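Enquirer: Have a look at this prediction, sequence included:
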Amino acid sequence: NAGVTQTPKFQVLKTGQSMTLQCAQDMNHNSMYWYRQDPGMGLRLIYYSASEGTTDKGEVPNGYNVSRLNKREFSLRLESAAPSQTSVYFCASSEQGFNQPQHFGDGTRLSIL
Amino acid sequence: AQKITQTQPGMFVQEKEAVTLDCTYDTSDQSYGLFWYKQPSSGEMIFLIYQGSYDEQNATEGRYSLNFQKARKSANLVISASQLGDSAMYFCAMRGPQGAQKLVFGQGTRLTINP
């Protein structure tokens, strides 16, 4: 009963390093999302993919890229990490439709030194 | 643009009491969904309950219910008979019919249940 799986759970990077956060869902959902959660600010959308083969920017896309590898997998890449990207990152998936809940992974806690 | 406002940064409640967490929203959409999520200290986001804009009945899921007042644009979460395990952050969110259908979150309310 995996749902949405994110890897890694924790990561520490130095400024300027790159890394990719992985996300996979086994619920056959079309839509996938990446959010970041900063203290006192709730969750904000970075990028989303409405369906396989499409991606689009969300509210805070600067400094990130994404790849929808297939229907199951949606990765988030930091090309040159900055301290401002220290955050908790959540991947989510859902069916399309405003009445459908989004299901979240357990999050990746990322620190940029 | 959609906006969610949660005006209670923190709440403290005695075990077994009922608690109401406030949520007001703003949108120009006629169709939308309202959601509540729980985030315990372990960090995961747990979906609790959903209310649709056209639903005439208030949503209920076990000890959770939603006091939906469409004219006032409010969707308050009511937890009956609170338990120690209810201590967590609670987020109200909404989702509209356009574009990404992203979730727009409020800033959350930290609920602490005292024994």
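Expert: Arrived safely, thanks for sending. Residues are numbered from 1 along each chain as shown, chains lettered A, B, ... in the order given.
Enquirer: Report the buried residues of stretch A:103-113.
Expert: A:103-110, A:112 (16 or more other C-beta atoms under 10 Å in any protein chain shown). Every C-beta, even on glycine, is put in place using the N, C-alpha and C of the backbone.
Enquirer: on contacts alone, who are the packing partners of the lowest-mean-pLDDT helix or strand in chain B?
Expert: One helix or strand of chain B scores below all others by mean pLDDT, DSSP states H and E: strand B:103-105, with a mean of 90. Contacts defined by 3 or more C-beta pairs under 8 Å, 6 or more residues apart in numbering or on different chains; DSSP states H and E place strand B:103-105 against strand A:43-49, strand B:3-5, strand B:88-95.
Enquirer: strand partners of that strand, parallel vs antiparallel please.
Expert: strand B:88-95 (antiparallel) (DSSP bridges).
Enquirer: can you tell me which residues contact A:S75?
Expert: Residues near A:S75 by C-beta atoms under 8 Å, 6 or more residues apart in numbering or on different chains: A:20-23, A:66-67, A:69.
Enquirer: go on, A:C91?
Expert: If a contact means C-beta under 8 Å, 6+ apart, then A:C91 has A:4, A:6, A:21, A:23, A:25, A:32-35, A:74, A:76, A:104-105 as its contacts.
Enquirer: Out of those residues, list just those in strands.
Expert: When the contacts of A:C91 are checked against strands (DSSP state E), the matches are A:4, A:6, A:21, A:23, A:25, A:32-35, A:74, A:76, A:104.
Enquirer: Now do the same contact list for the closest residue to B:C92 other than its chain neighbours.
Expert: Leaving aside its chain neighbours, B:C92 sits nearest to B:C23 (3.5 Å; criterion: C-beta to C-beta, 6 or more residues apart in numbering or on different chains). For B:C23, the contacting residues are B:4-6, B:34, B:36, B:74-77, B:92, B:106, by C-beta under 8 Å, 6+ apart.
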